[in-house]
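Novice: here's my sequence, what's the structure:
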Amino acid sequence: MKAVWYIMFAALAGLFLTACWPAEEVPLCGGVTDRTDHSAPKVISSKEITVFSASFWVLAEDASRSGRWNFQAIKGSSGRVAIKSEGTLQAQGETDAALLIALQEIIDRFELAKLNGRDRVTAGLPPSFSPTRLRVEYASGEHLYFQMNGDPEANWIREVTDLFLRVLPER
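Specialist: Predicted structure coming up:
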């Protein structure tokens, strides 16, 4: 009988200790999470994009363009580019490498490589200011990545949205 009590006590103690173990911290509303990689290169030499992925909120004069957008472009071995949109618009298709060249021109014009490694967001902001993410992989092995509080009226975001909407199949 004592053995049963010892086993029950050990099981309850185990449950109690695991309940006290700190879980993954969820930031409080207004709390800032900063995982910035300050050593990330701020210059990307390559211009040959192989993977482009962006997620952001857009506020546009045309209401059909406003909302949460997730765009992806992946260059295949044939040179064709698979494209996909999720969020405000669900669509996918295929296009040529001109899309990737145009995306690189936007990256260069708005000097987005200077944001490489930034990963700093504030919890609890309104949806239109939810995190903006950009991930770009290059044929050279270089990577561009950042995540930050959204700016739904940023010009580079509007240009990326316009570019994808021009090449995605008719909805």
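Novice: let me see the contact set for the residue most central in space within the chain.
Specialist: With distances taken as Cα atoms, centre = their mean, the chain has residue 133 as the residue nearest its mean C-alpha position (3.1 Å). By Cβ atoms under 8 Å, 6 or more residues apart in numbering, the residues touching residue 133 are 53, 54, 55, 56, 145, 146, 147. From N, CA and C alone the C-beta is placed, and that goes for glycine too.
Novice: which of those ranks first by neighbour count?
Specialist: residue 56 (25 neighbours; other Cβ atoms under 10 Å).
Novice: isn't it up against residue 156?
Specialist: No: if you go by Cβ atoms under 8 Å, residue 56 and residue 156 don't touch, sitting 9.3 Å apart.
Novice: which stretch of helix or strand covers the residue nearest to the centre of the chain?
Specialist: If you go by DSSP states H and E, residue 133 is part of strand 132-138.
Novice: what's the first helix or strand after that strand?
Specialist: strand 143-148.
Novice: related to what we said a few turns ago, mind putting the contacts of residue 133 in CSV, pLDDT and distance to residue 65 included?
Specialist: Converted to CSV, these look like this (pLDDT from 0 to 100; distance: Cβ to Cβ, whole Å):
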residue, pLDDT, distance to residue 65
53, 98, 19
54, 97, 15
55, 97, 15
56, 95, 12
145, 98, 25
146, 97, 23
147, 97, 22
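Novice: nearest to residue 72 among these?
Specialist: Residue 72 has its nearest neighbour among the contacts of residue 133 in residue 53, at 4.9 Å by Cβ to Cβ.
Novice: check which helix or strand the nearest residue to residue 66 once chain neighbours are set aside maps to.
Specialist: Excluding its sequence neighbours, the residue lying closest to residue 66 (Cβ to Cβ, 6 or more residues apart in numbering) is residue 60, at 4.9 Å. Assigned by DSSP H and E, residue 60 belongs to no helix or strand.
Novice: my guess is residue 60 meets residue 128, correct?
Specialist: No: contact criterion Cβ under 8 Å: residue 60 and residue 128 do not qualify, at 11.3 Å.
Novice: picking up where we left off before, farthest-separated two in the contacts of residue 133?
Specialist: The largest separation in the contacts of residue 133, counting by Cβ to Cβ, is between 56 and 145 at 13.9 Å.
Novice: okay, the nearest residue to residue 127 once chain neighbours are set aside: pLDDT?
Specialist: Ranked by Cβ to Cβ, 6+ apart and with sequence neighbours excluded, the top spatial neighbour of residue 127 is residue 57, at 6.4 Å. Predicted confidence (pLDDT) for residue 57: 94.
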